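Q: Build me a model:
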Amino acid sequence: MIKQDRPTFGPGGNSESFYNEGFKSTLQAPSWLKARGLDAYEYQAGNGLTASDATLSAVGKKAAEYGILMSLHTPYFISLSGVVEEKRLKSIEYISKSLHAAELLGADTIVIHTGSAAKISREEALSLASDTLEKNLEVNGGTSIRMGLETMGKLNQLGTLDEVIELCKRHPVYHPVVDFGHLNARNIGGYFTDCDSYRRIFDKIGSSLGDEYAYNLHCHFSKIEYTSAGEKKHLTFEDTQYGPEFDGLAEAIVREGVCPRIICESAGTMAEDALSMKNMWLSAKEALS
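A: Coordinates of the predicted model:
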């Protein structure tokens, strides 16, 4: 894992503006991001890993050249808590392939969805996910890439902060990935109201897993529309109805003295909103210094 001495910011995938400016290949993304003052990028493989090893390696070399820190989002069809054992254990194979891709990209983190709790109890889902992660260690436990378990946005998904922390206790290679928009959506809004409401996330992770897990926490951030069932769809920072707002998190990062990597997952404006977050953090740092 790359130790960061400052917070870093970047998009999950390529913004609409990237393509509108005539760029077509993710090979061009690192230089594009660097020119805009961003320093992180999450490669999106949610619909499956389709790029060749040569392409992934080339992207990784470009990222290293331009100082862009890389992570990878694993396929959405991974289900750590699936009730059909054959499909559940197939997730380990997908994790293996994702780790291989991450190595080629020079990524230090992969992000994994924790699974569903729609047709079974949360206790059963947590038990199945724990079993999958234990078996995964037999295959992938020797990796130096951190395997991130993401907090989820729908109420029927496994992935509250407490559940993610509990799963991460299985082995030091498992790290929490906090999606602040997801947590806000699954709590039907109003979950993050000020600096202290964000600080409690870092404090809880630090006290439960160790300060090093909170210090370089891998995060996702976006405003998300929600219903009574939780997450509905990702929005942009222009939205004024749904949260969460980033200013409280910017202040919390400064006051906690932490250096997270924050990947923006806004709908189409990921890079622009990532830069807005970086500027808000810089403003908070200056105001509190």
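
Q: Quick one: the helices in the stretch 51-200 of the chain, in order.
A: Using DSSP state H, counting those that start in this stretch, the helices found in the stretch 51-200 of the chain span residues 53-65, 85-105, 122-140, 161-168, 180-186, 195-209.

Q: Distance to residue 218 added to the ones you listed, as TSV?
A: For every residue, glycine as well, the C-beta is placed using N, CA and C. TSV is the format used below for those (distance: least, CB to CB, whole Å):
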stretch	distance to residue 218
helix 53-65	16
helix 85-105	13
helix 122-140	17
helix 161-168	12
helix 180-186	12
helix 195-209	11
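
Q: wait, isn't residue 150 in contact with residue 109?
A: No - assessed by CB atoms under 8 Å, residue 150 is found out of contact with residue 109, at 10.8 Å.

Q: who touches both of the two?
A: Contact criterion CB atoms under 8 Å, 6 or more residues apart in numbering; residues shared by residue 150 and residue 109: residue 177.

Q: ok now do the nearest residue to residue 161 once chain neighbours are set aside, which residues does it touch?
A: Excluding the flanking residues, the one nearest residue 161 by CB to CB, 6 or more residues apart in numbering is residue 151, at 5.6 Å. Applying CB under 8 Å, 6+ apart, we find residue 151 in contact with 159, 160, 161, 164, 176, 177, 178, 179, 182, 183.

Q: Kindly recompute the last result at 7 Å.
A: Listed by CB atoms under 7 Å, 6 or more residues apart in numbering, the contact set of residue 151 reads 159, 160, 161, 164, 178, 179, 182, 183.

Q: from what I can see the last one touches residue 161, true?
A: Yes - counting by CB atoms under 7 Å, residue 183 sits close enough to residue 161 to count as a contact (6.5 Å).

Q: Next, count neighbours for residue 165.
A: For residue 165, the tally of surrounding residues (other CB atoms under 10 Å) stands at 19.

Q: Can you give me the neighbour number for the residue lying closest to it once chain neighbours are set aside?
A: Nearest residue to residue 165, sequence neighbours excluded (CB to CB, 6+ apart): residue 208, at 4.8 Å. Residue 208 has 16 neighbours, counted by other CB under 10 Å.

Q: i'd like the first residue to be 55 from this point on
A: Understood, numbering begins at 55; the last thing we discussed is residue 262.

Q: distance of residue 262 from residue 216?
A: Look at residue 262 and residue 216: by CB to CB, to the nearest Å, they are 9 Å apart.

Q: what pairs with the nearest residue to residue 321 once chain neighbours are set aside across the strands?
A: Residue nearest to residue 321 in three dimensions, not counting chain neighbours: residue 288, with 4.5 Å by CB to CB, 6+ apart. Using DSSP bridges, the beta-bridge partners of residue 288 come out as residue 278.

Q: what's around residue 288, how many residues?
A: Neighbour count for residue 288, taken as other CB under 10 Å: 22.

Q: Quick check: the gap between it and residue 319.
A: 6 Å.

Q: Need the overlap of contacts for the two.
A: With CB under 7 Å, 6+ apart, residue 288 and residue 319 have common neighbours residue 276.

Q: Out of the helices of the stretch 105-254 of the chain, which is the most enclosed?
A: Highest mean neighbour count among those (mean count of other CB atoms under 10 Å): helix 234-240, with a mean of 26.

Q: and it, how far out from the chain's middle?
A: Helix 234-240 has its C-alpha centroid displaced from the chain centroid by 13 Å (CA atoms, centre = their mean, to the nearest Å).

Q: Show me what it is packed up against.
A: strand 272-275, strand 278-281, strand 284-288 (3 or more CB pairs under 7 Å, 6 or more residues apart in numbering; DSSP states H and E).

Q: Give me the residues contacting that helix.
A: By CB under 7 Å, 6+ apart, helix 234-240 touches 205-209, 215, 245-246, 273-278, 280, 284-285, 297-298, 303.
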